[in-house]
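Undergrad: Predicted model and sequence below, questions to follow.
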Amino acid sequence: MSIHIHAPAGVYVAQVRKHGHRLWETVGKPTKCKRSAAKRAVGAMVARDCKRARVLWCCEWYDPYVVMEASG
């Protein structure tokens, strides 16, 4: 009997969206740290007067997964 641990590697991408816009704008470079991506997204949301911020986790084999989303 063997145990298989599935832990894919990926990067976190910070994005913001302005009020009334449909497209998300990527903020900065992708990072491996979830916390720094969240700080970057919320900081850009306040600085650019945006309505929403989110962090995506992007992996090689899977679709992007929303890790964090904030609205203000």
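TA: Everything's here; your move.

Undergrad: so who does the residue nearest the centre of the chain touch?
TA: For the chain, the residue nearest the mean C-alpha position is Val55 (1.7 Å; Cα atoms, centre = their mean). Residues in contact with Val55, defined by Cβ atoms under 8 Å, 6 or more residues apart in numbering, are 12-15, 34, 37-38, 41, 66-69. For every residue, glycine as well, the C-beta is placed using N, CA and C.

Undergrad: Weed out the non-buried ones from the residues you listed.
TA: Neighbour counting over the contacts of Val55 (16 or more other Cβ atoms under 10 Å) leaves 12-15, 37-38, 41, 68 as the buried ones.

Undergrad: how about Ser36, secondary structure?
TA: Recorded secondary structure, Ser36: helix (DSSP: H, G, I helix; E, B strand; the rest coil).

Undergrad: That one and His4, how far apart?
TA: 30 Å (Cβ to Cβ, to the nearest Å).

Undergrad: More neighbours: which of these two?
TA: A count of neighbours by other Cβ atoms under 10 Å puts Ser36 above the other of Ser36 and His4, at 14 against 4.

Undergrad: who's the residue nearest to that one when sequence neighbours are not counted bridged to?
TA: Closest residue to Ser36 apart from its sequence neighbours, by Cβ to Cβ, 6 or more residues apart in numbering: Tyr12 at 7.9 Å. Here Tyr12 sits in beta bridges with Thr31, Trp57, going by DSSP bridges.
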